[in-house]
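# Below: sequence and its predicted model.
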Amino acid sequence: MKNILLSCLFVLVLSLSVNAQEIKSPDGNFKLAFHLDKIGTPIYSLDFKNKQVLQDSKMGFILKSDIMLNKDFQIIDSELKTENSVWNPVLGEQKEIRNNYNEMKVALLQDKSKRKMLIYFRLFNDGLAFRYEFPVQENLRHFIIQEETSEFNLTGDHKLFWIPGDYDTNEYSYTTSNISEMQALVYDAVHVPLAAQSTIKNLATQTPLMMKTSSGLYINIHEAALKNYPAMCLNVNDKTFSLSSHLVPDAVGNKGYIQTGSFTPWRTVVVSDDARKILASKMILNLNEPCSYEDVSWIKPVKYIGVWWEYFTGGGSTWAYSDNQDVVIGKTDFSKLKPNNTHGANTKHVKEYIDFASSNGFDAVLVEGWNEGWEDNTAFKKEHIYSFTKAYPDFNVKELNEYAQQKHVKIIMHHETTSSVSEYERQLSDALDFMTANNYNAVKTGYVGPIIPRGEHHDGQQMVNHYTYVATEAAKHKIMVDSHEAVRPTGLHRTYPNWFAQESARGTEFESMEGIHPDHTTILPFTRLMGGPMDYTPGIFQGDLSVYGSKKNKLSTTLAKQLALYVTMYSPLQMAADLPENYIRFNDAFQFIKDVALDWDETYILEAEPGDYITIARKTKGKQEWFVGAITDENHRTALIDFSFLPAGKSYTAIIYEDGKTADYKTNPQSYNIRKITVNSKTKLKQNLASSGGTAISIK
Ligand code: NOJ
Ligand code: CA
C-alpha cells in the first residue's frame, strides 16, 4: 500500500514538473518558466533579477485554414543543454565572442491531431531567445501559416522607441512615447513621404523594438536568423500592454509557406538594467549559424567615397544620362539620345573621385547612375527598368576600372532595382559575371518603391529569400553586398559575412529630404543596429544645402557629431558621404575620417541612454590604436570619458575633434576645435558636447 502511494506521488510530482518547467541563465539572473495552460496552450514567462519582464505569454501558430497549432498540446519530452564556447567573427566589433547559454527543448504533441511541434528556449546572460521547430511527421508536411501567435506580455506602460508597423519600409523617424500614448501619435508617425509604405492598420510596430520600464529596465525585442520566413512586426495592445507577432504577408495574405523539418527564426528578448549592456549584447549573432563559407580571405572592410551625395544636394547632378523618359531597356540606343549634360557618373568625373580616393587612402568609390535605365526610375510599376550590364555611353567601364586599378582603388558596383526583383533575378547571373570581368568586388543593391512581383512586400518570405540568394550568389563571385531598403538585419552577417552592411533604416539621405531628428542616431544603435551593421553614410561637413542652390535643408548635427558617428554606428563599410571639395575645405577634420578604423579587437560601451546619448571606445583590429565617439541628442551635455580601457602604465597621444565653444547644430554646426592631450588608463575626461553635437577621438 505504502509503495503504491509512493509511486502515485512520484507520478504526480513528475507530471507537475513535466507540465511546469523552468531554466535559468548561466549567471542565474534570468529565469524562464514554461507550462501548458488548461487548454494545452504553450505559455512562457521571463524574470530578470527576480522581477518579472514578461508575464505569461502564449505561443504557437494558426495555420491555414484555421488549424490551431496553439492549443491541445501535451508535453512529451524535454531536454536541457548548456553551451559555453568562443568564436571569431570575420569582421566585427570585437575579435572574440562568447556564446554561453542554457537551453531547454520542449517537445509537444497535440492530443487528437497528433501534430508535433518543438520549442527551444535559450537563456543567455543578456536575455532570452526562443524558436519553434516543425519536425518531419505524418500528419503535417507542407502548410501555410495564417499567423504566428507568439506573445510578449509586458508588465506595464513602458517607454517605447518605435516606428510604425510596416511591411515595406523601416525608413521612418522614431517616436518616443509610452505605449498608452501611441494611438494618439501614430497618425503623424505614419503620414510621411516614403517610397514604399504598407502600414499595418491596427496599432503595430517594427522590431528591433527598444523599451524602458519605469523602474529603469531596458528591454529589446527582435529576431535572429531570419531565413525562409517573413519578418515579424509586433501588434501592440495599448490597454493590456501586450505585444504579439504579426508576420509580413505575401501578395494574397498568406504568412509563410513551410515544409516540416524546419525551424522558425529566433525571437529575442535582450534585457538589462544598464543600457550599455543592450548595446554590448552579442546574443543575436550567437543565435545565427556559423560562417557558411570556407574561404573568407576576400571579405574586407571598406571605406569609401562616392558619386552619390551630389545627387541629393540639389546641385543639379543626375543619375540619368538623358531627360528622355521613353527609354526601353534592350531597345533604346542610348548613344543616340541627347545627353542632359548633368549626368554624374561620367568617366571624367568618376576619375576625379578615384584620384581623391587614392590620394586620401580610401578603399573604394561608389558610382551610382552608371547604367542604362535611370531616366524613368520613379516609374515604380515598370518591370524592365535597368540593365545591370550596360553602361551609359559616357561611362567607360574598362577605362575606369583600369584607372582605378592603377590607383589601387576599387569601384563599388551599384544595382538599384527600384524593386523590380523578378527582373533583377533574371539578370543577376550576368550582372555578377560582368562584375567579375570588370574587377568589381562589392555591390550596393537598392529596393526603392513597391516590389515586383506585384503585391509582395520587402519584408515578406519571398523577399527574405531573395536577399539571401543575392548574398550567397555574390559570394560565389567573391563579391560583398551592401543592401539598401532590404529587410532589417537579424545577424545573418555571421553566416554570410560578405553581406557586410545594410541600410534598412532612415539614413543620411533623409538629411536632404524630410530630415532626421537630432536624437535619431542615439536610438539607431538600440534598434536597427541590434540586427547588424548599417551603411548610414555619415560625414556631411557642408550641412546647409542652400549653398548648392535649390534646397533649404540643414543637417541635424554639428560637424563634430558627424565624425563621432564613425565610431558610434558600427559598420565594416563606412562612407565619407560629402563632396570632396568639402573635405578639402575642412581638411584637418577630414583627417579623422581618414584615420578611423573599420574592424575591431574590442568595443567598450562607455555611456549610453537610448534617445539621449552614446559614448563608445573601440580598439583597432591588430593595432595599439583606439577611437572614441561620443554623441548627444538636441541637448548639449558633458560626456565623461573614462580611459580605463587603455593598457595600464603607458601614455598615449589623443587627438580630440570636438564641438567649438559656440557650436550648436542649428546656429553654428561647423564650429569645431582639434586639440592634442596625453592620456593613460587613469584619465577621466569631461568632454562638452554641443546640442546635437559630438566628439571624436583618435588615440595612438
Ligand atoms: C535609395 C538609397 O538608400 C540611396 O542610397 C540611393 O542613392 C538611392 N536609393 C538610389 O539608388
Ligand atoms: Ca534608402
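Nice, I can see it. Ligands and ions are numbered 1, 2, ... in the order given.
# Tell me the residues of the stretch 201-350 of the chain that contact ligand 1?
Contact residues (C-beta under 6 Å from any ligand atom) of the stretch 201-350 of the chain with ligand 1: Trp308. For every residue, glycine as well, the C-beta is placed using N, CA and C.
# brain fart, the stretch 451-600 of the chain
By C-beta under 6 Å from any ligand atom, the residues of the stretch 451-600 of the chain that approach ligand 1 are His484, Glu503, Glu509.
# By neighbour count, which of the residues you listed wins?
The residue in these with the most neighbours, by other C-beta atoms under 10 Å, is Glu503 (26 neighbours).
# just checking, that one touches Val481?
No. The pair Glu503 and Val481 fails to qualify as a contact (C-beta atoms under 8 Å) at a distance of 11.8 Å.
# quick one: secondary structure of Phe592?
What DSSP: H, G, I helix; E, B strand; the rest coil gives for Phe592 is helix.
# Run through who's touching the stretch of helix or strand Ile144 belongs to.
Under the criterion of DSSP states H and E, Ile144 resides in strand 142-148. Strand 142-148 has contacts (C-beta atoms under 8 Å, 6 or more residues apart in numbering) with 60-67, 232, 245-247, 254-260, 264.
# What's the PyMOL line that selects buried ones from these?
Restricted to buried positions by 16 or more other C-beta atoms under 10 Å, the PyMOL selection for the contacts of strand 142-148 reads:
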select buried, resi 60+61+62+63+67+232+245+246+247+254+255+256+257+258+260+264
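# Select from the contacts of strand 142-148 every entry located in helices.
Secondary structure from DSSP state H places none of the contacts of strand 142-148 in helices.
# Looking at the residues of the stretch 451-600 of the chain next to ligand 1, which are in strands?
His484 (DSSP state E).
# What is the nearest of the residues of the stretch 451-600 of the chain next to ligand 1 to ligand 1?
For these, the minimum distance to ligand 1 (C-beta to the nearest ligand atom) is 3.9 Å, reached by His484.
# mind checking pLDDT for the residue nearest to that closest one when sequence neighbours are not counted?
Beyond its immediate neighbours in the sequence, the residue positioned closest to His484 (C-beta to C-beta, 6 or more residues apart in numbering) is Glu503, lying 3.9 Å away. For Glu503, the model assigns a pLDDT of 98.
# likewise Ser15?
41.
# quick revisit: need phi/psi at the residue nearest to His484.
Torsion angles at Glu503 (phi, psi; degrees, to the nearest 10) stand at phi -90, psi -80.
# separation between it and Glu485?
According to C-beta to C-beta, to the nearest Å, Glu503 and Glu485 sit 6 Å apart.
# Contacts only, for Asn438.
Neighbouring residues of Asn438 by C-beta under 8 Å, 6+ apart: Val397, Lys398, Asn401.
# on that earlier part again, what distance separates the helix or strand just after the strand holding Ile144 from the centre of its chain?
Counting by DSSP H and E, the element after strand 142-148 in chain order, helix or strand, is strand 151-154. The chain centroid and the centroid of strand 151-154 are separated by 23 Å under C-alpha atoms, centre = their mean, to the nearest Å.
# Could you do stretch 600-613 as well?
The chain centroid and the centroid of stretch 600-613 are separated by 17 Å, computed with C-alpha atoms, centre = their mean.
# What residues sit buried inside that stretch?
In stretch 600-613, counting by 16+ other C-beta under 10 Å, buried: 600-601, 603-613.
# Stretch 323-337 too?
The neighbour-count check on stretch 323-337 (16+ other C-beta under 10 Å) flags Val327, Ile329, Thr332, Phe334, Leu337 as buried.
# I'd like those written out as JSON lines, with pLDDT and secondary structure added.
Converted to JSON lines, the buried residues of stretch 323-337 look like this (pLDDT from 0 to 100; DSSP: H, G, I helix; E, B strand; the rest coil):
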{"residue": "Val327", "pLDDT": "97", "secondary structure": "coil"}
{"residue": "Ile329", "pLDDT": "95", "secondary structure": "coil"}
{"residue": "Thr332", "pLDDT": "97", "secondary structure": "coil"}
{"residue": "Phe334", "pLDDT": "98", "secondary structure": "helix"}
{"residue": "Leu337", "pLDDT": "98", "secondary structure": "coil"}
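# Can you pick out the most distant pair from those?
Ile329 and Leu337 (13.1 Å; C-beta to C-beta).
# Please verify my assumption that Met569 contacts Ile523.
No. With contact defined as C-beta under 8 Å, Met569 does not count as touching Ile523 (11.4 Å).
# do you know how far Leu640 is from Asp664?
As judged by C-beta to C-beta, Leu640 and Asp664 stand 21 Å apart.
# For Ile677, which non-adjacent residue is closest in space?
Closest residue to Ile677 apart from its sequence neighbours, by C-beta to C-beta, 6+ apart: Ala654 at 5.4 Å.
# Specify the next element, helix or strand, located C-terminal of the helix or strand containing the one you found.
Taking DSSP H and E as the criterion, Ala654 maps to strand 652-659. The helix or strand immediately downstream of strand 652-659 is strand 672-679, counting by DSSP H and E.
# Need the per-residue pLDDT for Val18.
53.
# Can you list the low-confidence ranges for the stretch 251-400 of the chain?
Along the stretch 251-400 of the chain, no part satisfies pLDDT under 70.
# For ligand 1, what is the nearest residue in it?
Scanning the stretch 251-400 of the chain for proximity to ligand 1 using C-beta to the nearest ligand atom identifies Glu368 as nearest, at 5.3 Å.
# hang on, that residue packs against Val307?
Yes. With contact defined as C-beta under 8 Å, Glu368 reaches Val307; the gap is 6.1 Å.
# out of the two, which sits in the busier spot?
More crowded of Glu368 and Val307, by other C-beta under 10 Å: Val307, with 25 against 21.
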